[in-house]
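# kindly return the folded structure for what I paste below:
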Amino acid sequence: MKLIGALPLLAGAALADTYFQDDFSDGAAWESRWVQSKHADNYGAFDLSAGKIVADADNMGLRTSQDAKFYARSAKHTEFSNAGKDIAVQFSVKHDQKIDCGGGYVKLFPADFEPEDLHGESQYNVMFGPDICGYSTKKVHVIFNNEGKNHLIKKEIKAKDDQFTHVYTLVIKQDNTYEVLIDGESEKAGSLEEDWDMLATKEIKDPEASKPADWVNEKEIDDPEDTKPEGWGDEPEYVADPDAEKPDDWDEEMDGEWEAPMINNPEFKGDWAAKKIPNPEYKGPWVHPMVANPEYKEDANLYSYDSWGAVGLDLWQVKSGTIFDNFLITDDIEAAVAAAKAVVEASRSGEEAALKEITDAEAAAAEAEAGEEGEDDDEDDEDLDEEDVDDDFEDDEFDGHDEL
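Numbers count the residues shown, from 1 in each chain. Prediction:
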């Protein structure tokens, strides 16, 4: 499902502003839009492909095509500011290769960004999308740049790690809230101020306060009326084993005087300790009082960037084959979500069928190969049996000659 035709249809008469949209339906023309970075000379190459697990062979996207490479390519778009409006950043990702380690995210840059100088330290507004590496990292990044510093989301959002097309949507709202959707379904939502450390905290521990010297932390104390029983501790911890006997071959002149080995004393009670009772002076845990942080400044425009102007793919992949498609940046949130669901609906059943066909073919090939190996083993066994018969015959003949 392509998004270019979908957005105006879904948006209806009140067309929203669409700042960037690319589904690569115009074929080779993508290379003029998506500029290759020249910051280094060994970046991996993107190509246009539908991949192996295909619902529609004509539905192509940008594919990473070389293993163990950094990729750096970006496209300029209409400059805008999201001040006073909600926006959605959206794109689809298909890890057709069953990715083991690599990024599937995008970076959104201001308009003064230079595509040919794209690299890992290029300053961006937002970084968003899936990142997978082994079993430990399967997350969706949502990183905002604020005053020159990148801030990672404090919540965990799990990325999809199968081989199907998934649409990732980030909604940034003018009330300083956000929402992350995958395939048009909400995965995480909340406050920009609470879920990122972009602002100083509202409260801090009172620097003038400290725990009183007479504060009682002990919840229990020794019972002052409990006394150690008479004779407690008189028993030794170890005693000679009463069942031990001197070995018959013990030579006192050679081995010295025999002594029975020591064993734990069953009568030994250990160190005595008074029983515990509730401490009548216990005041509970001391809590440091909080005060307003003088460094905190509310920012009603935390969500807003003065300039957006480019989208980039700046990432590393160990195993190539990820396909990026259906890019969309718009201020019509409902249309974006509807388009995301349409992409998934159009692709999922076809991709599932394609994957099953590939899996079945691989299983059949493996079974056939195993059968051929089994036939080869049988032939080897037959040849071995014939050789054994010949060897036995030759041995019999040799024995007969010996008798003669």
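
# please enumerate the helices of the stretch 301-404 of the chain.
According to DSSP state H, counting those that start in this stretch, the stretch 301-404 of the chain carries its helices in the segments 333-403.

# beta partners of the closest residue in space to residue 168 that isn't next to it in sequence?
Nearest residue to residue 168, sequence neighbours excluded (C-beta to C-beta, 6 or more residues apart in numbering): residue 129, at 5.4 Å. In this view, the C-beta of every residue, glycine as well, is placed from N, C-alpha and C. Bridge pairing for residue 129 (DSSP bridges) gives the partners residue 141.

# pLDDT-wise, which helix or strand of the chain ranks last?
Sorting the helices and strands of the chain by mean pLDDT, DSSP states H and E puts helix 6-11 at the bottom, at a mean of 45.

# tally of neighbours for the closest residue to residue 237 other than its chain neighbours?
Spatially, and ignoring its direct neighbours in sequence, residue 237 is nearest to residue 268 (4.9 Å; C-beta to C-beta, 6+ apart). Per other C-beta atoms under 10 Å, the neighbour tally for residue 268 reads 13.

# shouldn't residue 268 be in contact with residue 234?
No: counting by C-beta atoms under 8 Å, residue 268 does not reach residue 234; the two are 9.8 Å apart.

# and the residue nearest to residue 237, what is it in contact with?
The neighbours of residue 268, taking C-beta atoms under 8 Å, 6 or more residues apart in numbering as the test, are 235-238.

# okay, those in JSON lines with distance to residue 310 next?
Shown next, in JSON lines, are those (distance: C-beta to C-beta, whole Å):
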{"residue": "235", "distance to residue 310": "83"}
{"residue": "236", "distance to residue 310": "83"}
{"residue": "237", "distance to residue 310": "77"}
{"residue": "238", "distance to residue 310": "79"}
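
# show me which of those are buried.
Buried residues within the contacts of residue 268, counting neighbours by 16 or more other C-beta atoms under 10 Å: none.

# which strand runs longest in this protein?
Assignment by DSSP state E gives strand 69-80 as the longest strand of the chain.

# quick one: mean pLDDT for it?
When pLDDT is averaged over strand 69-80, the result is 97.

# from the chain's centroid, how far away is whichever helix or strand comes after it?
For strand 69-80, the following helix or strand on the C-terminal side (DSSP states H and E) is strand 87-95. Distance, stretch centre to chain centre, for strand 87-95: 18 Å (C-alpha atoms, centre = their mean, to the nearest Å).

# and for stretch 49-56?
25 Å.

# list the buried residues of it.
Residues 49-51, 53-55 are the ones in stretch 49-56 that count as buried (16+ other C-beta under 10 Å).

# so which of those residues sits lowest on pLDDT?
Lowest pLDDT within the buried residues of stretch 49-56 is found at residue 55 (88).

# I'd say that residue and residue 357 touch.
No: counting by C-beta under 8 Å, residue 55 sits too far from residue 357 to count as a contact (11.9 Å).

# all strands of the stretch 151-300 of the chain, in order?
165-172, 177-182, 185-191, 203-205, 220-222, 238-240, 262-264, 276-278, 290-292 (DSSP state E, counting those that start in this stretch).

# now the first one: average pLDDT?
Taken as a whole, strand 165-172 carries a mean pLDDT of 98.

# can you list contacts of that strand?
Applying C-beta under 8 Å, 6+ apart, the contact partners of strand 165-172 are 55, 82, 86-94, 126, 128-130, 140, 142, 160, 178-184, 192, 303, 323, 325-326, 333, 336-337, 340, 343-344, 347-348, 351.

# swap in stretch 186-199?
Residues from elsewhere that reach stretch 186-199, judged by C-beta under 8 Å, 6+ apart: 140, 144, 146, 151-155, 157-158, 172, 176-181, 296-299, 302-303.

# PyMOL command for the buried members of these?
In PyMOL, a selection of the buried entries from the contacts of stretch 186-199 looks like this (16+ other C-beta under 10 Å):
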select buried, resi 140+144+146+151+153+157+172+176+177+178+179+180+181+302+303
